[in-house]
Each structure stands twice: as C-alpha cells, then as structure tokens.
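>>> here's my sequence, what's the structure:
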Amino acid sequence: MNIIVTLKNTDGSEMTFDKIISFIFRKDVYQSYTSFGAKFYGDIPTPENVSEILFTIDNKIIHHGLADSISVTTSVGGSLVSVSSRSFTSLLIQNQIETGIKPNISINDLMNSFYTLPYVTHENSDVKSYIYVKSNSNMWDGIVNLTYKTHGTYPYIRDTNQIRMTPVENPSSFEYSDSEIISRGIAISEKKLISHFHMSNMKEEFGEFELADNDVISHNIVRHRVFELDRQFLYEPQQAIEYRSKYASRGRKKIFCTYSGYKGEDLSDLATFGTVQNKRIGTLTITGNSSGITTEIGIYKDKFPE
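Predicted structure coming up:
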C-alpha cells in the first residue's frame, strides 16, 4: 500500500513524505472529528508555517486536518518528525454562536449563516426545526440538537470533513471472512450510563419529567441527574430526558474485528463478519508500523438507531 503524509504550508506549498515509521487514524460516529498521528523521516525547514496535514492511502485522502502539533528531532541519522492532527470539523466544537432560540432553522442555514469553516462540508438538507443555543455551547451542539429533533439520530463525519445527519443512501458493503480476520471481540462500556433523570418544569418544580432506566438499574448502577427545564426541547420536554438517556448509552456495546490492510471503509458503510450481518460501521481505526497496516472496524449497539 502507498502511504503518504502531506504537510501544507500557509503559502500553499506542499511537502510529501513516504518514509512512515508509524501512524494511527481514528474515526467514530460519536466524535465530531477524525484524528491522525504519525512519525516519519523527513526535513521540514519551517514547521511553524505548516497549517494543514493530509493522510493518503493508495491515492485516497483519509484525513485532512489542522496541524495541532509538530515536532522535529534532528540527530546524526537524520530528522524524525512527529505530527498530530484533528480534522477541520474539530472547529465545530471551538466556535460558539449567539445564545437564544433559533427558529425554523436547517443544517443548511446553520452552516451557511454563521461562520465559514475551511474544508468543512455538510449534508444538503432544508429540513427545519428550532434549536436553543445555551450559554457556552458550540456549533456542534446545535447540529446534534437539530439532528435529533429532525431525524432522531446523532450526526457524524463522513469522508473528510463532511457532516452528515442521516445514513448514506448507497453505502459500500464489506464482508470479512474468518480466514482474513486477525482478531474480533466485544467491548462493553458502562461508565457513562445514567440510571435516573429528573428535569424541572416551567414552574421549576420536579416530578413531572422523570425517567428511570431499568436496564441500567439492573446492573446496580445508581446515578441520578437533576437539571432545569431544557429549552432545547421546550416544545417536547420529555424528549430532553429521552435524548440524555440515549446519549449516556452511546457506544455501550461494540462488536469489532481487525484484519490486515485497508479496504476503504467509512462510517455508515455496511459490514458483515461473524454474527454481524450488514450493520452500519460506527468506528474505524487504521494503524501502521514496520509490521504492516491493520484496520479495526466496529459496530455499535446502543439506544441510537443502528
């Protein structure tokens, strides 16, 4: 496989490197950005001028993001470069918009009416609802709120820096035979689960909007959350509790497998392996070192639609 790391400078010039020692790329449906880190040999005269990092496998751009950190260590043997990067969609959690109710808004409105974020694209949709922007909340919070109201789902990043609210209409399908799978397994995470939710009403009284998760309680988990009326769901208050319950269960169960190489999978594509039959890919990790390239794909089973 042809592995390339490209560093782009503020003046538009590029430097490409193929002597890669190691790398790791991660993508998750519950993460608003992809992450990439790599070590390689090369010469970077002015690392302070690097503004973009691209990661390519066999001419396909897998990651395009900000230059979060770069270090260059020079010795007798040459220069060792270490980089880390988050995709440009990470800017969504670093930008805030004015607080208050934004009525009759779509993702087209939300992404086109406030700030221009470099390289960030989005699913074209004029499906509208309202969002309530809380103090200190960010653009991603607004996208999450709008996505749940209009589609009952959670947004995710597809390709490089594309925000999607819905599953892709024509996903690619990938099947992994037992003979090619290096390892597979199941991972359970219960540290985020909440057993009881209590939200006040307009009169600041409690008792009207409650939710007890019996499944969580059956695991002897006792975690109560008490909060004021959530204006993000002002017209359907019970949704505020239901959303919090789903969000607390995100990624609770992951079924995964690892194989040698990379086939081009992306989030929302379909995977089949073992007992998993045509399920949407929810997490993707590609790693590489002197031993070769391996890919782990994972399927989430939680309260959000599969």
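>>> contacts and neighbour counts: CA atoms only from here.
Noted.
>>> and the nearest residue to Ser87 once chain neighbours are set aside, what helix or strand is that in?
Ranked by CA to CA, 6 or more residues apart in numbering and with sequence neighbours excluded, the top spatial neighbour of Ser87 is Gly65, at 3.7 Å. Secondary-structure assignment from DSSP states H and E places Gly65 in strand 60-66.
>>> may I have that strand as CSV, with CA atoms only?
Written as CSV, here are the backbone C-alpha positions of strand 60-66 (Å, rounded to 0.1, in the frame of the first residue of the first chain):
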residue,chain,number,x,y,z
LYS,A,60,-7.4,8.2,-1.3
ILE,A,61,-7.3,11.1,1.1
ILE,A,62,-8.3,9.6,4.5
HIS,A,63,-7.7,12.6,6.7
HIS,A,64,-7.4,16.3,6.2
GLY,A,65,-7.0,18.5,9.2
LEU,A,66,-5.3,21.1,11.3
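>>> return the set of buried residues in the helix or strand just after that strand.
Using DSSP H and E, the helix or strand that directly follows strand 60-66 along the chain is strand 69-75. Neighbour counts using 16 or more other CA atoms under 10 Å place 70, 72 of strand 69-75 among the buried residues.
>>> which parts of the chain are helices?
Remark: helices assigned in the chain by DSSP state H are 107-112, 139-151, 214-217, 237-248.
>>> buried stuff in the shortest one?
When you say that, I think you mean helix 214-217. Under the neighbour-count criterion of 16+ other CA under 10 Å, helix 214-217 has Val216 buried.
>>> for it, enumerate the helices and strands it packs against.
With contacts defined as 3 or more CA pairs under 8 Å, 6 or more residues apart in numbering; DSSP states H and E, there are no secondary structure elements packing on helix 214-217.
>>> relative to the whole chain's centre, how far out is that helix?
Relative to its parent chain, helix 214-217 has a centroid offset of 27 Å by CA atoms, centre = their mean, to the nearest Å.
>>> so where do the strands sit in the stretch 151-300 of the chain?
When secondary structure is read from DSSP state E, counting those that start in this stretch, the stretch 151-300 of the chain shows strands at 156-158, 162-164, 173-175, 181-188, 196-199, 209-212, 224-227, 253-260, 270-273, 276-280, 283-289, 292-301.
>>> sorry, back to before: now do the same for the strand holding Gly65: mean pLDDT, whole number.
For strand 60-66, the mean pLDDT works out to 97.
>>> strand 283-289 and that strand, what's the angle between them?
100 degrees (axes from the mean of the first three to the mean of the last three CA atoms, to 10 degrees).
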